[in-house]
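Q: Build me a model from this:
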Amino acid sequence: MGILVLSVIVSFIPIIGNLIALILLWPALVRAGYLVARQGQSSFGEAFGDLSLLLKVFVYYLILWLIPEILIGVGYILVGDSGGAESILVILGSMILFILNLFGWAGPYAILSGRAGILMRLNRAFPSLHKTLVRSS
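A: Okay, the predicted model is just below:
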């Protein structure tokens with residue numbers, strides 16, 4: 001609960017606070033939830049205990065959100081007044097974002113448990129995407 005309250009307080013600082021909340025506090029909140037699920041309780045210090053794990057969770061979320069957000073952003077920029085074929089990027093980005101949110105939620109817990117790295121977890125979560133990327137390269 002303390003991490004959540006700290007995250008809300010820090011996010012009131014215009015730009016730097018939001019970055020701190022996104023980079024450090026959100027992964028710490030995920031780790032605290034993982035520790036509560038495994039041990040039944042968690043302390044404030046344990047949530048921030050291993051910064052390399054927090055960085056891995058942040059990178060996982062960054063990878064998960066980057067592609068759909070770029071598609072949606074480029075789609076909105078290109079659509080402008082035309083509303084033509086560029087709007088397909090917005091639809092495609094929204095569909096990818098929905099699918100990633102539906103199936104990608106377990107990735108940080110696999111990373112925190114040590115069962116998988118970031119890329120291995122993405123491969124396990126989305127095997128057909130990995131096969132498509134390997135064939136295209």
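
Q: Centre-most residue in this protein?
A: Nearest to the geometric centre of the chain sits residue 61, at 1.9 Å (Cα atoms, centre = their mean).

Q: Residue 57: what's it in contact with?
A: Residues in contact with residue 57 (Cβ atoms under 8 Å, 6 or more residues apart in numbering) are 27, 30-31, 108, 111-112. The way it works is simple: take the backbone N, C-alpha and C, and place the C-beta from them, glycine included.

Q: Could you find the closest non-adjacent residue to it?
A: Leaving aside its chain neighbours, residue 57 sits nearest to residue 27 (3.9 Å; criterion: Cβ to Cβ, 6 or more residues apart in numbering).

Q: Any chance of the backbone angles for the one you found?
A: Phi and psi for residue 27, reported as degrees, to the nearest 10, are phi -60, psi -30.

Q: ok, now residue 40?
A: The phi/psi pair for residue 40 (degrees, to the nearest 10) is phi 90, psi -10.

Q: possible to save the contacts of residue 57 as a markdown table with neighbour count and distance to residue 14?
A: Output for those, formatted as a markdown table (neighbours: other Cβ atoms under 10 Å; distance: Cβ to Cβ, whole Å):
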| residue | neighbour count | distance to residue 14 |
| --- | --- | --- |
| 27 | 25 | 21 |
| 30 | 24 | 24 |
| 31 | 24 | 26 |
| 108 | 25 | 27 |
| 111 | 23 | 30 |
| 112 | 21 | 30 |
